[in-house]
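A.B. asks: Fold the following, please.
(2 chains)
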Amino acid sequence: RKEVEQDPGPFNVPEGATVAFNCTYSNSASQSFFWYRQDCRKEPKLLMSVYSSGNEDGRFTAQLNRASQYISLLIRDSKLSDSATYLCVVNTNAGKSTFGDGTTLTVKP
Amino acid sequence: EAGVAQSPRYKIIEKRQSVAFWCNPISGHATLYWYQQILGQGPKLLIQFQNNGVVDDSQLPKDRFSAERLKGVDSTLKIQPAKLEDSAVYLCASSLTGVNTEAFFGQGTRLTVV
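C.D. replies: This is a model prediction of the structure:
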């Protein structure tokens, strides 16, 4: 079993749709959590950190469920420019980062 | 502020040849990472440095891969000899110290082994 698992998709949604991605992790000692975005043939870039209380940044909402060991990312009112691969990242308290394999989103007109 | 610099951007080599990649992290970032990203997969950590010391190299294939960060700043990753399955993008990232810190990535080196 992989340490961090994501539904690979692809998710194909129309503009304006709401889409949610989930990510599960196996290491209960994991301390911090992130969502990164990776455009085709580009490097990953931080989208947002995920806090225990949940956090929102514009159209993006991230949530953490420590008991069930999963994190989620919700995108509201999808834009064409949201098309990308979304990577879930989990850090242990030793600072080791583990990436999921990503979920691919395509937003269509 | 300058980002993470990597070179070369692209490299094509024959199997059994050797290759080296270079990375210069963001100034002041003590932590440096090398990742391997195979097409369709997420980045896989190869090695993590804290200054010039190795924090984690558990997934580095040490029979053919080596990395160093002698002065605690820039770093090189070497593959010798290369195999076909080493074809991937090699990403360097750096961050400040701490588990909650953002990692900044370079543009990567796309390696093709033929």
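A.B. asks: how far out from the middle of the chain is the helix or strand bottoming out on mean pLDDT in chain A?
C.D. replies: None of the helices or strands of chain A scores lower by mean pLDDT, DSSP states H and E than strand A:97-99, at a mean of 91. Taking Cα atoms, centre = their mean, to the nearest Å, one finds the center of strand A:97-99 at 12 Å from the center of the full chain.
A.B. asks: now swap in stretch A:26-43 and tell me
C.D. replies: 7 Å.
A.B. asks: Leaving out sequence neighbours, find the closest residue to residue 75.
C.D. replies: Chain wasn't specified; assuming chain A. A:V19 (5.2 Å; Cβ to Cβ, 6 or more residues apart in numbering or on different chains). Where C-beta positions appear, they are placed from N, C-alpha and C, glycine not excepted.
A.B. asks: nope, chain B
C.D. replies: B:R69 (4.1 Å).
A.B. asks: Spell out which parts of chain A neighbour chain B.
C.D. replies: Counting by Cβ under 8 Å from any Cβ of the partner chain, the positions of chain A adjacent to chain B are A:4, A:31-32, A:34, A:42-46, A:49, A:87, A:91-102.
A.B. asks: Please report how far A:V13 lies from chain B.
C.D. replies: To chain B, A:V13 is 21 Å away according to Cβ to the nearest Cβ, to the nearest Å.
A.B. asks: Would you mind naming what in chain B lies close to chain A?
C.D. replies: B:31, B:33, B:35, B:40-45, B:48, B:50, B:55-56, B:91, B:97-100, B:102-103, B:105-108.
A.B. asks: hmm, which helix or strand of chain B has the shakiest average pLDDT?
C.D. replies: That would be, for chain B by mean pLDDT, DSSP H and E, strand B:53-56 at a mean of 92.
A.B. asks: Could you count how many residues lie near A:A67?
C.D. replies: 7 (other Cβ atoms under 10 Å in any protein chain shown).
A.B. asks: What helix or strand is the residue nearest the centre of chain B located in?
C.D. replies: Nearest residue to the geometric centre of chain B (Cα atoms, centre = their mean): B:W34, 2.8 Å. Counting by DSSP states H and E, the element that carries B:W34 is strand B:31-37.
A.B. asks: May I have the following helix or strand past that strand exported as PDB, CA atoms only?
C.D. replies: Using DSSP H and E, the next helix or strand after strand B:31-37 towards the C-terminus is strand B:44-50. Listed next in PDB are the C-alpha coordinates belonging to strand B:44-50 (Å, rounded to 0.1, in the frame of the first residue of the first chain):
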ATOM      1  CA  LYS B  44       9.500  10.400  -5.300                       C
ATOM      2  CA  LEU B  45      12.100  11.600  -2.800                       C
ATOM      3  CA  LEU B  46      15.600  10.400  -3.600                       C
ATOM      4  CA  ILE B  47      17.600  12.300  -1.000                       C
ATOM      5  CA  GLN B  48      17.100  15.100   1.500                       C
ATOM      6  CA  PHE B  49      19.900  17.300   2.800                       C
ATOM      7  CA  GLN B  50      19.900  19.600   5.800                       C
END
